[in-house]
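1. sharing a model that was predicted from the sequence below.
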Amino acid sequence: MLPKHKYLLTYRYSELIHDGTVQFCSLFLNDWKYKRTVEQMTQAARSGKQNIVEGVGQSATSKGGEIKLLGVAKASIEELICDFEDFLRQRNLIIWSKTDPRILNFRQLGFNLSNLSNLSHLGDLKKKLSLPNESEEAANLLLTFCHLATYLLDRQIKVAEDKFIKTGGYSENLLKKRLSYKLHK
């Protein structure tokens, strides 16, 4: 059985984004003058992934903590979106429209790479992301994955909020059990 977060599509996309961002920076931002940008981008990508892990880890005892950390994950990936958009804009490259057929191909690639069937028995993705050699194409690929991840995180946060509203939080439910115990004692 894999850790709970490995089953989440948001986590699997964030893992692709993190690995892809590291590759991207190595390929296209390898000059010393981009050192700070590289640090910021790789940290934002890592933060997106790690906050999903931490949030899901808290879900049993703190729904509020889970929601907060998923929000931090989403914000980190949104920061990364701005970095990729800056990269393209500053080099007079094009941010492809979401209706561009190449973006639809990227979405399919993301679906294939993030599919549960692509997980090994250790929970690692068997098929790895290989970035295109052209910086415009690579940045647009990662932008597509980032947009998909933030959309999915929005949905995951909404589900967590709805569950919290309907069932309450851990402390609240523990108090109810305590009061019921005292009443029936």
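-> Looks like it arrived, so ask away. Numbering: from 1, shown residues only.
2. and the nearest residue to residue 67 once chain neighbours are set aside, what element?
-> Leaving out its chain neighbours, the residue that sits closest to residue 67 by C-beta to C-beta, 6 or more residues apart in numbering is residue 160, at 5.0 Å. Bear in mind the C-beta positions are built from the backbone N, C-alpha and C, glycine included. Residue 160 belongs to helix 135-167 when assigned by DSSP states H and E.
3. again, but for residue 93
-> Under the assignment here (DSSP H and E), residue 93 is part of no helix and no strand.
4. that one against residue 137, yeah?
-> No - applying C-beta atoms under 8 Å as the test, residue 93 and residue 137 come out as separate, 9.4 Å apart.
5. buried residues, the helix holding residue 160. List them.
-> By neighbour count on 16 or more other C-beta atoms under 10 Å, the buried set for helix 135-167 is 135-136, 138-150, 152-153, 156-157, 160, 164.
6. tell me what it is packed against?
-> Packed against helix 135-167 by the contact rule (3 or more C-beta pairs under 8 Å, 6 or more residues apart in numbering; DSSP states H and E) you find helix 9-28, helix 63-90, helix 101-114.
7. now the angle from that helix to helix 9-28?
-> Counting by axes from the mean of the first three to the mean of the last three C-alpha atoms, to 10 degrees, helix 135-167 lies at 160 degrees to helix 9-28.
8. pLDDT averaged over helix 135-167 - what is it?
-> Helix 135-167 carries an average pLDDT of 94.
9. quick one: that helix to helix 101-114, angle?
-> 60 degrees.
10. and helix 135-167, how far out from the chain middle?
-> 7 Å (C-alpha atoms, centre = their mean, to the nearest Å).
11. helix or strand with the lowest mean pLDDT in the chain?
-> helix 170-184 (a mean of 69; mean pLDDT, DSSP states H and E).
12. which stretches of this structure have low pLDDT?
-> The model of the chain has pLDDT under 70 over residues 121-123, 125-126, 168-176, 178-179.
13. and if we set it to 90?
-> Applying pLDDT under 90 to the chain flags residues 1-7, 57-65, 114-129, 161, 163-185.
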